[in-house]
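Participant: need a structure here:
(chains A and B)
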Amino acid sequence: MRWFARRLAFYVFAIWVALTINFLLPRLMPGDPVAGLLQHLSSSQLSANPGIVQEYQTLLGGGNHSIWQDYVTYLHRIAHFDFGISTSNYPTQVSEVVGRTLPYSLFLVGVAFLISFVLGTAIGMVAAWRRGRTVDNVVLPAFLALSAFPAFFTALLGLYVFGLKLHWFPIQHAYDSGIVPGFNWTFLSSAFRHAQLPILVIVGAYAGGWMLNMRTVMVNTIGEDYVLMAQAKGLRDRRVMTRYAARNAILPPLNGFAPLFASAIGGLVFIEFIFSYPGAGYTLQQAVLGNDYPLAQAILVVLSVCVIAANLIMDVLNLILDPRLRST
Amino acid sequence: MSQLDPTFDLPLAAPPTRVRGRVRVPGWVVLLLQNRKSRTGLVMVGFMVLIALIAPLISVAHPNDFNLLAARQAPSWQHLFGTTDQGSDIFSQVVLGARRSLLLGAAVAVLATGLAATLGVTAAYSGGVVDDVVNFVINVFLTIPAIPLLVVASSYLKNRSMWTMAVVLALVLWAFEARILRGQALQLKSRDFILAAKATGESTRRVVFAELMPNMISRIAAGFVLVFYIALLTDAGLEFLGLGDMTKTSWGVTLYWAQVNSTVLQGEWWPFFFPGAALAFTVLGLVLLLAGIDEVSNPRLRNERMPRRGLFRQLFGGRLATRAETSA
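Facilitator: Residues are numbered from 1 along each chain as shown, chains lettered A, B, ... in the order given. Sure thing, here's the model as predicted:
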């Protein structure tokens, strides 16, 4: 449990560092972000929100408060997830914009990672079990080559070939225009259709690493005595592969999940931009190009928290699956 | 050579290459050329570097000149890679863009390697509080998602010149390399020759730079290549999102205009395909080079039975260093 407590302390600290970087960045960089931000609001919008300049100044600097005073106010506001008004979505609050876009991103990455996990484990398993055969020599290397591609290039190619030329998938946005998002069949089926191609691209970009890890670990477990023992008992080949060799090889590749997730969050920015998919990544890009700094700050915080949450979930899972960790 | 002979061949030592009257090729070059992966990688990267060097000779003078009469042309003998929707020649943009992209990647790799090697190795050797702090900083950097952080950071930058971007990228990406180098140094620090150097009273600086680092040169080289390709991808990605110096010519900028003008959606594949393919080609070359360095410097990887036939199998079979948990 001490191990877990240490991890937990690290995550709290990491979140604090992320928040502090977020606080310091606009203050350290030359220029006046608040001025750039206010250009996007008309004078009537400004006069309708008397405190807005001060509000932005605590987030981005440039006011006449001391930096410590700003910092305390900033942390206090972030704890309540109050990033003020998003200039590019005036008069919507930043928190509302983030709350609207984040589920799309999490859905994409979540489903894509589930598929990558199943696919990676299965193909890695077969590749290790039948070394030098087709799966090992063609399927796995093909995925590896694909994962070495820039994700946005894969996405553009997929969009062009599968969306535009073959018409297999819709190519833009998260749902058909004219549909109001809500918890009903029309919306969900449309959203599902639109998510297919982006998910496919993420799987293509990230499944390779998973397969390789699985294969590497599995090659080692195959050499273990209990696998030989199972074979000597005369168990069927498939049963030895799945129940004996693979079962003990699944855990180590899981540790690669969190870094892969962090990387996929980055790739998501590009993939959502290409598909005009209204998730957090696309919103971040739009916010940054439109100088909507509060929105960009909020998304950076939320994405960092997501990555840290993924790390934490993986640690808990490890704790449940691996008894050795519980004793230390 | 008898068993008692004190001068034994290191496994890394290259076969002698004495050719009378010629410059002697360094051993590591021979080793890299003997390995099929690194040879292919070197040829691919070398080709791109050559293109970048002779770019002014094979491109038109001003790749951003617009000529609306020649806009949106598919590849032809006139315009090998077609034209943009402004009528600029994409071939010229790609070959001239290679200069900026490669130079920036190399600059980031040099900066990040310097930072990572100095901090990582010093921390590992010193141990104690220094190591804890550095390790902690590395872990925090690996936890905060790099791409969103870079997107937000570069949005505050008014001046996005090549050197500014190189410094920003290096400051974010060094942690990936530092973790690898620190791990390697931790393994080396209890070896006899380090203990001997320490016992004779060598200063920390000398042990780190004169004893540890020369013995980690293959890892440092691998880290350099790793950061090189991550930087290439990340920089092109940032430009693709519109966060670079958009007045210059580079692969990412060409991709950005292709995306912004929705050329893909209008069925034009060439504005995104050629810069994307150039990037993918270079990255693939670097990935193969990295895998080759790994194999050459780690005999255990070489021992794994490799399939004999098929270029594809030889290049991508076995262990291929994939995108190390980051990048576009």
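
Participant: how about stretch A:99-110, does it reach chain B?
Facilitator: No: contact of stretch A:99-110 with chain B (Cβ under 8 Å from any Cβ of the partner chain) is absent, the minimum separation being 11.0 Å. For the C-beta atoms, the positions are set from N, CA and C on the backbone; glycine is no exception.

Participant: how about low-confidence regions in the stretch 201-328 of chain A?
Facilitator: Low-confidence segments of the stretch 201-328 of chain A (pLDDT under 70): A:328.

Participant: One more pass at 50, please.
Facilitator: For the stretch 201-328 of chain A, no stretch is flagged by pLDDT under 50.

Participant: Give me the neighbour count for the residue of it found nearest chain B.
Facilitator: Nearest to chain B in the stretch 201-328 of chain A, going by Cβ to the nearest Cβ, is residue A:266, at a distance of 2.9 Å. If you count neighbours by other Cβ atoms under 10 Å in any protein chain shown, residue A:266 ends up with 26.

Participant: longest helix anywhere in the chain?
Facilitator: Chain wasn't specified; assuming chain A. Longest helix of chain A, by residue count under DSSP state H: helix A:185-222.

Participant: Chain B is the one I meant
Facilitator: In chain B, with assignment by DSSP H, the single longest helix is helix B:90-126.

Participant: I'd like the mean pLDDT over whatever helix or strand comes next after that one, please.
Facilitator: Remark: after helix B:90-126, the chain's next helix or strand is helix B:128-143, criterion DSSP states H and E. The average pLDDT for helix B:128-143 rounds to 89.

Participant: what about the residue nearest to residue B:131 when sequence neighbours are not counted, how many residues close to it?
Facilitator: Closest residue to residue B:131 apart from its sequence neighbours, by Cβ to Cβ, 6 or more residues apart in numbering or on different chains: residue B:123 at 4.5 Å. Residue B:123 has 25 neighbours, counted by other Cβ under 10 Å.

Participant: Contacts for stretch A:193-207, please.
Facilitator: Contacts made with stretch A:193-207 from outside it, assessed by Cβ atoms under 8 Å, 6 or more residues apart in numbering or on different chains, are listed as A:107-109, A:111-113, A:115-116, A:119-120, A:123, A:143, A:146-147, A:149, A:151, A:154-155, A:158-159, A:162-163, A:168-171, A:173-176, A:260, A:263-264, A:267-268, A:271-272, A:275, A:277.

Participant: Of those residues, keep whichever come out buried.
Facilitator: Among these, the ones that count as buried by 16 or more other Cβ atoms under 10 Å in any protein chain shown are A:107-109, A:111-113, A:115-116, A:119-120, A:123, A:143, A:146-147, A:149, A:151, A:154-155, A:158-159, A:162-163, A:169-171, A:174-175, A:260, A:263-264, A:267-268, A:271-272, A:275, A:277.

Participant: Look through the stretch 1-150 of chain A and state the residue closest to chain B.
Facilitator: residue A:141 (3.2 Å).

Participant: tell me, what residue is most central in the chain?
Facilitator: All of this is about chain A. In chain A, the residue lying closest to the centroid (Cα atoms, centre = their mean) is residue A:265, at 3.1 Å.

Participant: Chain B is the one I meant
Facilitator: Nearest to the geometric centre of chain B sits residue B:228, at 2.1 Å (Cα atoms, centre = their mean).

Participant: Up against chain B, what does the stretch 101-250 of chain A have?
Facilitator: A:131-132, A:136-138, A:141-142, A:144-145, A:147-153, A:156-157, A:159-160, A:164, A:171-172, A:208-209, A:212, A:216.

Participant: Which of the residues you listed are buried? Put it as a ChimeraX command.
Facilitator: Here is the ChimeraX selection string for the buried members of those, based on 16+ other Cβ under 10 Å:
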select /A:131,136,137,138,141,144,145,147,148,149,150,151,152,153,156,157,159,160,164,171,208,209,212,216
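
Participant: So which of the residues of the stretch 101-250 of chain A next to chain B belong to helices?
Facilitator: Reading helices off these with DSSP H, I get A:141-142, A:144-145, A:147, A:151-153, A:156-157, A:208-209, A:212, A:216.

Participant: do you know how far residue B:117 is from chain A?
Facilitator: Residue B:117 sits 21 Å away from chain A, going by Cβ to the nearest Cβ, to the nearest Å.

Participant: One more: residue B:92?
Facilitator: With Cβ to the nearest Cβ as the criterion, residue B:92 and chain A are 20 Å apart.

Participant: what residues are up against that residue?
Facilitator: Counting by Cβ under 8 Å, 6+ apart, residue B:92 has contacts B:59, B:60, B:63.

Participant: ok, those vs residue A:36, which is closest?
Facilitator: residue B:63 (30.3 Å; Cβ to Cβ).

Participant: Name the SS class of the closest one, please.
Facilitator: coil (DSSP: H, G, I helix; E, B strand; the rest coil).

Participant: from memory residue A:82 sits against residue A:96, does it?
Facilitator: No: counting by Cβ atoms under 8 Å, residue A:82 does not reach residue A:96; the two are 11.2 Å apart.
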